[in-house]
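Undergrad: no FASTA, just this:
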DNA sequence: CTGAAAGCGCTTACAG
DNA sequence: CTGAAAGCGCTTACAG
């Protein structure tokens, strides 16, 4: 029977077994128990004793109290990951990459939605700033109070998919290369009236994608007039509105490079609402890939970026920072990849 | 200058200011400091003293150490939310509902992907079972080791969007009413060859949606032959494969009720690949709604379920459990809503 | 090889 | 009205 009659109804509030319980059961002191349970290499106990301790822990279902341990070690072995919008399929790749690499380094990751992070204010400050995480990975494209206040907090953090040297260490993608690749694809298809549905101007990723677009156009000798560039939120709705605007112009663009997956979906919807067929009347290229892209009508041609790799590298950088090692900004150089599907076709 | 020369380079490892620092700076003992900082109603200090303490905390940017506090109070004021697939847009509504209600009750929520939860095994056990959260909200449709092991853990939890009385307290939707509504919509449109792309048989939500489908069919006097029901994963791919199978049959169904949003997208893609037009040749109804549904080609008719409300109710239930109050299973009775878009049309 | 003891930073009766 | 002190459950030098 466990101490203090732990009851057994429905969902029992909390566990009671402490290190001292397993030590007692195994007939040793708490120090040895702690050491063998943590596989401390400096401890040397008889195999038999070790077995007894392990067995005691097992039979009592002992799990150490993270608070007590964290209080003592001042390390939580958990990393916080703040994302812009948990619902966007594209973020799944970042989450997976981060979790994978974190696990390799012994960390666990906590995911938070940036909006909650900002809105819930107090609650999230409590969570993330009270040393419950050893560091933060910020993958939010938009800024806000809580995030801007980070540099003044004594908490290591790295910006993921952002490049804001002033704010802190950042790990980013070569976004420009991505949109340039999209333009090149379209140019190879003989398009010469190419428009861009960019992201919000305050997102640095959007600025780089725009720059890459312009660069691609210039390189192809096509003028990128301001009229063929519109900035919009990274959402279906944003792409829809921008697409309508662009497609109503004359001359009408024959191809559009969208700055996100969601806005590409919006652009296709806009084309349809205008009675235009994709790719017959307009070719559309999206940015980033996710399973849904292949099942759209038409299946979407996109630029696939090394999102997972970026997340892994960011975890490494953060781990370094936590160890007190200083790290510098990183741009992932793995080249973007064009995933050709049916939303792009040669200009007739 | 802060004690122990806290340095000031790049991202400073960790904060140093403790309660005793603010107490000293304010010229009081730590007990009063703790009490006024926590707005303890039983403390009575001069307004002036209170101000001094608050000011000291502010100027030192004091944030309490969550571990020390958690160790003392045995409460973390955080709830874990385990989801099947963070990338599915539909989950965003659950996350938002949970975060909103949790904030009202003073909790913060930690989101974890069920796959990570299962795979990362050790890491997540560490995270979630070491009393770092006061309770768990499990919104994963599929089971696994970690989740099946939960009932034996001394950690309160509630199942969200599931109904498995044997496992623990669950809060679920009236899924059957949802698919029945979809069938009724189709029947009103004069369809009489209606098929169902169900979810995986091991998901209880899928079983209920299937039951609701059959119920709707029976009520309309239409036989629901086994041939018009296929079970598939809740994914685009799952819907695609199932849709192809169903649409190749003869007689060919004139309408399909999909058990998820992703599988509805797959069904539309399958129709297209077979040269069938939606809704002219086949009507398609999805289950659950998300922004992307409105921008699909064609915009998808779906059944919108009270996901947010379910999450809120689940948070309440969990909070009760944590307080030691026993709670029973809940089925959200708010009726599902049919969101008519263009993927369904009357049978000619 | 093993145990007693200090201390991580809080909160909270308890005593002035 | 305010402070000294115990104790939450660990880990880790340190001493045997």
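TA: Done, it's in. Fair warning: this is a prediction, and the values are worked out from it, not measured in the lab.

Undergrad: For chain A, which segments count as strands?
TA: Taking DSSP state E as the test, the strands found in chain A are A:78-83, A:108-113, A:135-139, A:157-160, A:170-172, A:194-198, A:229-231, A:255-258, A:283-287, A:301-304, A:330-331, A:337-339.

Undergrad: helices or strands next to the fifth one in the packing?
TA: Using 3 or more Cβ pairs under 8 Å, 6 or more residues apart in numbering or on different chains; DSSP states H and E as the contact criterion, the elements in contact with strand A:170-172 are strand A:157-160, helix A:204-219, helix A:307-322, strand A:330-331. The way it works is simple: take the backbone N, C-alpha and C, and place the C-beta from them, glycine included.

Undergrad: ok, 10 Å please
TA: In terms of contacts (3 or more Cβ pairs under 10 Å, 6 or more residues apart in numbering or on different chains; DSSP states H and E), strand A:170-172 is packed against strand A:135-139, strand A:157-160, helix A:204-219, helix A:307-322, strand A:330-331.

Undergrad: Need the strands of chain A in JSON lines (columns: mean pLDDT).
TA: Formatted as JSON lines, these follow (pLDDT from 0 to 100):
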{"stretch": "strand A:78-83", "mean pLDDT": "86"}
{"stretch": "strand A:108-113", "mean pLDDT": "78"}
{"stretch": "strand A:135-139", "mean pLDDT": "89"}
{"stretch": "strand A:157-160", "mean pLDDT": "92"}
{"stretch": "strand A:170-172", "mean pLDDT": "96"}
{"stretch": "strand A:194-198", "mean pLDDT": "98"}
{"stretch": "strand A:229-231", "mean pLDDT": "97"}
{"stretch": "strand A:255-258", "mean pLDDT": "98"}
{"stretch": "strand A:283-287", "mean pLDDT": "98"}
{"stretch": "strand A:301-304", "mean pLDDT": "98"}
{"stretch": "strand A:330-331", "mean pLDDT": "97"}
{"stretch": "strand A:337-339", "mean pLDDT": "98"}
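
Undergrad: and residue B:79, which of the ones you listed is closest to it?
TA: Taking Cβ to Cβ, strand A:108-113 is the member of the strands of chain A nearest to residue B:79, at 12.1 Å.

Undergrad: Could you check the closest one against chain B for contacts?
TA: Yes: Strand A:108-113 lies within reach of chain B by Cβ under 10 Å from any Cβ of the partner chain, at A:108-113.

Undergrad: Break chain A down into its structural domains.
TA: A:19-64, A:74-173+A:307-331, A:175-305 (automatic domain parsing).

Undergrad: how far does the first one stretch from start to finish?
TA: The reference is to domain A:19-64. 7 Å (Cα to Cα, to the nearest Å).

Undergrad: and residue A:249, what does it touch?
TA: Residue A:249 makes contacts with A:193, A:195, A:227-228, A:230, as judged by Cβ atoms under 10 Å, 6 or more residues apart in numbering or on different chains.

Undergrad: Pick out whichever of these sits closest to residue A:52.
TA: Residue A:52 lies nearest to residue A:230 out of the contacts of residue A:249, by Cβ to Cβ, at 70.9 Å.

Undergrad: ok, now how distant is the closest one from residue B:280?
TA: Distance, residue A:230 to residue B:280, using Cβ to Cβ, to the nearest Å: 33 Å.

Undergrad: So for the two, which sits in the more crowded spot?
TA: residue A:230 (20 against 11; other Cβ atoms under 10 Å in any protein chain shown).

Undergrad: Give the closest residue to that one in space, chain neighbours not counted.
TA: Nearest residue to residue A:230, sequence neighbours excluded (Cβ to Cβ, 6 or more residues apart in numbering or on different chains): residue A:242, at 4.4 Å.

Undergrad: Which residues lie in contact with the one you found in this structure?
TA: A:195-198, A:229-233, A:256, A:258-259, A:263, A:266-267, A:270.

Undergrad: if you set the cut-off to 7 Å instead, what comes out?
TA: Residue A:242 makes contact with A:197, A:230, A:232, A:263, according to Cβ atoms under 7 Å, 6 or more residues apart in numbering or on different chains.

Undergrad: And it, how far from DNA strand D?
TA: In this view, residue A:242 and DNA strand D are 54 Å apart by Cβ to the nearest atom of the strand, to the nearest Å.

Undergrad: do the same with residue A:160
TA: Separation of residue A:160 from DNA strand D (Cβ to the nearest atom of the strand): 30 Å.

Undergrad: next one: residue A:157
TA: Taking Cβ to the nearest atom of the strand as the measure, residue A:157 falls 24 Å from DNA strand D.

Undergrad: Same question for residue A:288.
TA: In terms of Cβ to the nearest atom of the strand, residue A:288 sits 41 Å off from DNA strand D.

Undergrad: Dump the residues of strand A:108-113 next to chain B into JSON lines; add distance to residue B:163 and neighbour count as well.
TA: As requested, those are exported to JSON lines (distance: Cβ to Cβ, whole Å; neighbours: other Cβ atoms under 10 Å in any protein chain shown):
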{"residue": "A:108", "distance to residue B:163": "29", "neighbour count": "23"}
{"residue": "A:109", "distance to residue B:163": "30", "neighbour count": "27"}
{"residue": "A:110", "distance to residue B:163": "28", "neighbour count": "25"}
{"residue": "A:111", "distance to residue B:163": "26", "neighbour count": "26"}
{"residue": "A:112", "distance to residue B:163": "29", "neighbour count": "26"}
{"residue": "A:113", "distance to residue B:163": "27", "neighbour count": "24"}
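
Undergrad: from memory residue A:193 sits against residue A:254, does it?
TA: Yes: counting by Cβ atoms under 7 Å, residue A:254 is a contact partner of residue A:193 at 4.8 Å.

Undergrad: higher neighbour count, these two?
TA: Between residue A:193 and residue A:254, counted using other Cβ under 10 Å, residue A:254 has the larger neighbour count: 20 against 17.

Undergrad: of all of the stretch 51-200 of chain A, which residue lies closest to DNA strand D?
TA: residue A:68 (3.2 Å; Cβ to the nearest atom of the strand).

Undergrad: Identify the residues contacting that residue.
TA: Residue A:68 neighbours (Cβ under 7 Å, 6+ apart): residue B:71.

Undergrad: re earlier: present the strands of chain A as a markdown table; the columns should include distance to residue B:55.
TA: Putting these into a markdown table (distance: least, Cβ to Cβ, whole Å) gives the following:
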| stretch | distance to residue B:55 |
| --- | --- |
| strand A:78-83 | 29 |
| strand A:108-113 | 30 |
| strand A:135-139 | 28 |
| strand A:157-160 | 27 |
| strand A:170-172 | 35 |
| strand A:194-198 | 46 |
| strand A:229-231 | 44 |
| strand A:255-258 | 51 |
| strand A:283-287 | 49 |
| strand A:301-304 | 53 |
| strand A:330-331 | 41 |
| strand A:337-339 | 56 |
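
Undergrad: List the buried residues of stretch A:233-252.
TA: Within stretch A:233-252, the residues scored as buried using 16 or more other Cβ atoms under 10 Å in any protein chain shown are A:233-244, A:246-247.

Undergrad: interface residues of the stretch 151-300 of chain A facing chain B?
TA: Proximity of the stretch 151-300 of chain A to chain B is confined to A:154, A:156-157, A:168-169, A:236, A:240, A:265-266, A:268-269, A:272, A:291-292, A:295, A:297 under the rule Cβ under 7 Å from any Cβ of the partner chain.

Undergrad: ok, residues contacting stretch A:179-197?
TA: Stretch A:179-197 has contacts (Cβ under 7 Å, 6+ apart) with A:209-210, A:212-213, A:215-217, A:220, A:222, A:228-230, A:232, A:239, A:242-243, A:246, A:251, A:253-259, A:263, A:267, A:283, A:285, A:303, A:336, A:338, A:344-347.
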